[in-house]
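Colleague: No letters, just coordinates:
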Ligand code: FAD
């Protein structure tokens, strides 16, 4: 596509959650310069979380995923260029180059490119019927094959894999989840939550295999026919869904000399080490207070949106820094999980409520202080628990564990 302009006062690369929010916030902060929001997907910005939830199940149409209607961007004089991929950045000249050879100059650049779904590298990984779920196109390809699919193997027991497993089990498919570690959600949650979700999936007929790695994807005539596990087990299936993480899309910035590695390093205002270049969202490696100041990437809508707001304020002369409490959600079956804080490095957990009653919270503590909560069908704990996290509350463990004691009473 021919770019609508050759220069942008603010050029935003990546038209996902962070990119869209940056543009919206710039106008909200009364920024009057030119804004160009470009991205390599052929769409205006849309919500990604439903791709493994209501969009995959067919409950939500693509139109309902759009972050704003098309007229919104026009009305606010935000130029958009879908289907445009940036392949190189010249930080000295303040110019980016696109895959089709077009170049565009900027005063400030906001890099909001998220990441690509990590893929398997084993034999058969390229066969038709092997899917990842990162983009709307991914979800469309997957959905188009569902009619001819009876059995699905999901590789990876993280949130995206489990959400997809829930949708497909509900749709009557025979689903097997293969997780390399000894419990699902092991990288993001404590044992009580992992065991609860494992049991919930089993109760819906999902076979959950733990401590299992995939050796090869088997196929015939270019299409997947099964999965061979490291222990020799063979699982027949017509579809494989791979949910094994994200690789941050930062190569053009790192090639241009930006500091980073697993993401591009940013400071508290989301500035990279390159002049006038900011980075936000899934690709931004930042020191996070809720991770004891360690540099991490957070893959959540909250993080992308809040970092976008910080950058918009920085560009319009403010001095906001990124210090937001992380939060996240996941929907599986009738279970609404809401998390607040980061459980990284916890040394104790308290379970509030009864998992058998399907409403409870897992509270994570470190050295006696609350650092995070995972709340299942427990909105009140989620809302009231936020303060425990921000204050790093320490106190009566019995009261914390008693669901009859509202969490707000603990911080009163
Ligand atoms: P993205 O929204 O991924 O946007 C980046 C955009 O940049 C993409 O369109 C990408 O194609 C484009 N791009 C990449 N490289 C280039 C380039 N070189 N040139 C141009 N464009 C480029 N988070 C939650 O909080 N709750 C959830 O329940 C949840 N569920 C999820 C379910 C799924 C299936 C997925 C995939 C993610 C989910 N997430 C969820 C995570 C959340 O969607 C991400 O954290 C969020 O989208 C990050 O926003 P972002 O702007 O950093 O990146």
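Modeller: That came through fine. None of the values given here were measured: they were computed from a predicted structure.

Colleague: From what I see, residue 366 and residue 345 are in contact.
Modeller: Yes - counting by Cβ atoms under 8 Å, residue 366 does reach residue 345; the two are 5.7 Å apart. For glycine as for every other residue, the C-beta is placed from the backbone atoms N, C-alpha and C.

Colleague: Those two: who's more crowded?
Modeller: Legend: neighbour count by other Cβ atoms under 10 Å for residue 366 and residue 345, higher for residue 366 (17 against 13).

Colleague: Report the separation between residue 262 and residue 284.
Modeller: Look at residue 262 and residue 284: by Cβ to Cβ, to the nearest Å, they are 11 Å apart.

Colleague: any common contacting residues for these two?
Modeller: Both residue 262 and residue 284 are contacted by residue 297, under the criterion Cβ atoms under 8 Å, 6 or more residues apart in numbering.

Colleague: OK, contacts around the closest residue to the ligand within the stretch 201-350 of the chain?
Modeller: Nearest residue of the stretch 201-350 of the chain to the ligand, counting by Cβ to the nearest ligand atom: residue 281, 2.1 Å away. By Cβ under 8 Å, 6+ apart, the contact list for residue 281 reads 14, 16, 17, 18, 19, 112, 113, 114, 303, 304, 307, 308.

Colleague: again with residue 15
Modeller: Applying Cβ under 8 Å, 6+ apart, the residues near residue 15 are 37, 38, 39, 41, 43, 44, 45, 80, 82, 112.

Colleague: can we see that at 6 Å?
Modeller: For residue 15, the contacting residues are 37, 39, 45, by Cβ atoms under 6 Å, 6 or more residues apart in numbering.

Colleague: Mind telling me what element it is part of?
Modeller: Residue 15 belongs to no helix or strand when elements are defined using DSSP states H and E.

Colleague: Now do the same contact list for the residue nearest to residue 347 when sequence neighbours are not counted.
Modeller: Sequence neighbours aside, residue 366 is the residue nearest to residue 347 in space, at 5.6 Å (criterion: Cβ to Cβ, 6 or more residues apart in numbering). Residue 366 is in contact with 345, 346, 347, counting by Cβ under 6 Å, 6+ apart.

Colleague: Turn the residues you listed into TSV, including distance to residue 388.
Modeller: Output for these, formatted as TSV (distance: Cβ to Cβ, whole Å):
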residue	distance to residue 388
345	17
346	13
347	16
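
Colleague: Please name the nearest non-neighbouring residue to residue 389.
Modeller: Per Cβ to Cβ, 6+ apart, closest to residue 389 is residue 341, 3.8 Å.

Colleague: Looking at the contacts of residue 15, spot the one nearest residue 159.
Modeller: Nearest to residue 159 among the contacts of residue 15, counting by Cβ to Cβ, is residue 45 at 21.4 Å.

Colleague: Kindly indicate whether the residue nearest the centre of the chain is helix, strand or coil.
Modeller: With distances taken as Cα atoms, centre = their mean, the residue of the chain nearest its centroid is residue 299 (3.8 Å). Under DSSP: H, G, I helix; E, B strand; the rest coil, residue 299 falls in the coil class.

Colleague: how about it, phi and psi?
Modeller: phi -100, psi 80 (degrees, to the nearest 10).

Colleague: Need the three-state assignment for the residue nearest to it when sequence neighbours are not counted.
Modeller: Nearest residue to residue 299 in three dimensions, chain neighbours excluded: residue 282, at 4.8 Å (Cβ to Cβ, 6+ apart). What three-state DSSP gives for residue 282 is helix.

Colleague: In contact with the residue of the stretch 101-250 of the chain found nearest the ligand, which residues?
Modeller: Nearest residue of the stretch 101-250 of the chain to the ligand, counting by Cβ to the nearest ligand atom: residue 114, 2.5 Å away. The contact partners of residue 114, by Cβ under 6 Å, 6+ apart, come to 16, 281, 282.

Colleague: Those into CSV, with extra columns for pLDDT?
Modeller: Shown next, in CSV, are the contacts of residue 114 (pLDDT from 0 to 100):
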residue, pLDDT
16, 98
281, 98
282, 98
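
Colleague: about what we covered before: against the ligand, which of the contacts of residue 15 make the cut? List them.
Modeller: Among these, the residues lying close to the ligand (Cβ under 6 Å from any ligand atom) are residue 39.

Colleague: Restricted to helices, list the contacts of residue 15.
Modeller: Within those, no residue falls in helices by DSSP state H.

Colleague: Out of the contacts of residue 15, which is nearest to the ligand?
Modeller: For the contacts of residue 15, the nearest to the ligand is residue 39 (4.2 Å; Cβ to the nearest ligand atom).

Colleague: Counting neighbours, what do you get for the closest one?
Modeller: Number of residues near residue 39 (other Cβ under 10 Å) recorded here: 25.

Colleague: Need phi/psi at it.
Modeller: phi -150, psi 160.

Colleague: Verify the contact between it and residue 14 for me.
Modeller: Yes - the pair residue 39 / residue 14 is scored as a contact, 5.5 Å apart, by Cβ atoms under 6 Å.

Colleague: what kind of secondary structure is residue 329 in?
Modeller: strand.

Colleague: Against residue 199, how distant is the closest residue in space to it that isn't next to it in sequence?
Modeller: Excluding its sequence neighbours, the residue lying closest to residue 329 (Cβ to Cβ, 6+ apart) is residue 338, at 5.0 Å. The gap separating residue 338 from residue 199 is 20 Å, by Cβ to Cβ.

Colleague: likewise residue 73?
Modeller: 45 Å.

Colleague: Please identify which of the two sits among more neighbours.
Modeller: Counted by other Cβ under 10 Å, residue 73 and residue 199 do not tie: residue 73 has more neighbours, with 22 against 13.

Colleague: so who does that one touch?
Modeller: Contacts of residue 73 by Cβ under 6 Å, 6+ apart are residue 80.

Colleague: How about residue 113?
Modeller: 14, 249, 283.

Colleague: Format those as CSV; extra columns: pLDDT, neighbour count and distance to residue 400.
Modeller: Converted to CSV, the contacts of residue 113 look like this (pLDDT from 0 to 100; neighbours: other Cβ atoms under 10 Å; distance: Cβ to Cβ, whole Å):
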residue, pLDDT, neighbour count, distance to residue 400
14, 98, 28, 40
249, 98, 22, 40
283, 98, 27, 36
